[in-house]
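Asks: Below is the structure, and that's it, no one-letter string:
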């Protein structure tokens with residue numbers, strides 16, 4: 001893929017677990033699939049506690065206490081699950097070491113110390129910007145996530161250039 005043109009931009013970075021946590025939190029807040037995933041456990045807790053309380057004829061105070069505790073545990077489990085998923089995603093890319101990413105209007109090329117890949121922007125048709133990252137999101141119901149840490153830019157202008165490339169080729173959420 002030719003990313004060279006006048007609009008091409010280069011980022012060099014080493015991914016971290018914190019990058020993946022930030023990306024997954026952004027996905028949970030801004031994409032339909034992420035919101036469903038984030039709300040699934042608390043929603044299931046509400047339904048289960050309500051059904052059991054109703055079936056057993058529990059007094060309202062017991063139902064409310066059970067509901068609060070169950071939702072708290074479900075929220076904790078969801079947050080812990082995000083951290084676990086971030087560690088696993090990081091574990092998959094850690095062997096690639098430092099990454100060099102070249103992006104242009106046709107797509108991006110990522111080159112690691114041990115592997116490289118090329119992608120057309122249609123692979124990740126949407127993106128979210130966080131304070132530290134550009135988070136690329138897979139289309140439809142796909143759970144695909146790619147991240148580009150802003151700290152990898154050589155200059156602040158490179159961050160603006162990448163944002164312009166993404167805005168031309170992807171939908172910002």
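Replies: Perfect, thanks for sending it. Values in this document were obtained by computation on a predicted structure and should not be read as measured data. Residues are numbered from 1 along each chain as shown.
Asks: residues making contact with the lowest-mean-pLDDT helix or strand in the chain?
Replies: Lowest mean confidence among the helices and strands of the chain (mean pLDDT, DSSP states H and E): helix 32-56, at a mean of 81. By Cβ atoms under 8 Å, 6 or more residues apart in numbering, the residues outside helix 32-56 that reach it are 24, 26-29, 58, 62-63, 66-67, 70-71, 73-75, 77-78, 81, 141-143. To be clear about C-beta, it is placed using only N, CA and C from the backbone, and glycine gets the same treatment.
Asks: Buried ones in that helix, by neighbour count?
Replies: Using 16 or more other Cβ atoms under 10 Å as the test for burial, helix 32-56 gives 33, 34, 37, 38, 41, 42, 45, 49, 53.
Asks: hang on, the earlier thing: if any of the contacts of helix 32-56 are buried, give me the PyMOL selection for them.
Replies: To isolate the buried members of the contacts of helix 32-56 in PyMOL, using 16+ other Cβ under 10 Å:
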select buried, resi 24+26+27+28+58+63+66+67+70+71+74+78
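Asks: Phi, psi for the residue located most distally from the centre of the chain please.
Replies: No residue in the chain sits farther from the centre than residue 57, which is 41.7 Å out by Cα atoms, centre = their mean. With angles defined as degrees, to the nearest 10, residue 57 sits at phi 70, psi 40.
Asks: Look up how far residue 63 lies from it.
Replies: Counting by Cβ to Cβ, to the nearest Å, the gap from residue 57 to residue 63 is 10 Å.
Asks: any idea how far the helix ranked longest in the chain is from the chain center?
Replies: The longest helix of the chain (DSSP state H) is helix 60-93. A distance of 17 Å separates the centroid of the chain from that of helix 60-93, by Cα atoms, centre = their mean, to the nearest Å.
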